[in-house]
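*Asks:* Got a sequence here, can you model it:
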Amino acid sequence: MNKYILGAIVLSAMITFLLRALPFLLFKEKELPEWLKKIEKKLPMTIMAVLIVYCLKDLRTQMTTLFFPCFLACLTVVFTYKWKKNTFLSIILSTVVYMIFIRL
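*Replies:* Next up is the predicted model:
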């Protein structure tokens, strides 16, 4: 492997690690700022909304074949997240529902 490619991979990995570790280093023993607490509470629902909008962006061109599976997957996301407040579970269950209904 070319040494420049290997260097780019190592540099990218180091930068990614530092960016992930930075919040823990900055707020290690401090109280979180109030604005960050607000973001912490709103972010999971915002991420879910962005994912739903992204999934529905191509629905207009595929209205006849994918409307029902997309609609059920979106309902699954909404109800699962409201019920359990677990983003990962909502994504997994809605993906399973979508995959089942596009195969039927």
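*Asks:* Give me the residues contacting stretch 82-92.
*Replies:* With contact meaning Cβ atoms under 8 Å, 6 or more residues apart in numbering, stretch 82-92 is reached by Pro44, Ile47, Met48, Leu51, Thr76, Val77, Thr80, Tyr81. For every residue, glycine as well, the C-beta is placed using N, CA and C.
*Asks:* Quick one, which of those are buried?
*Replies:* Met48, Leu51, Thr76, Val77, Thr80, Tyr81 (16 or more other Cβ atoms under 10 Å).
*Asks:* ok, back up a step: now intersect the contacts of stretch 82-92 with the strands, please.
*Replies:* Among those, DSSP state E puts none in strands.
*Asks:* Centre-most residue in the chain?
*Replies:* Geometric centre of the chain, nearest residue: Ile47, 5.6 Å, by Cα atoms, centre = their mean.
*Asks:* residues in contact with the nearest residue to Cys70 once chain neighbours are set aside?
*Replies:* Closest residue to Cys70 apart from its sequence neighbours, by Cβ to Cβ, 6 or more residues apart in numbering: Leu59 at 5.7 Å. The contact partners of Leu59, taken as Cβ under 8 Å, 6+ apart, are Leu66, Phe67, Cys70.
*Asks:* now, which of the residues you listed sits nearest Thr16?
*Replies:* Distance to Thr16, by Cβ to Cβ, is smallest for Cys70 among the contacts of Leu59, at 32.5 Å.
*Asks:* tell me the pLDDT at the closest one?
*Replies:* With respect to pLDDT, Cys70 scores 84.
*Asks:* name the element it belongs to?
*Replies:* Assigned by DSSP states H and E, Cys70 belongs to helix 63-84.
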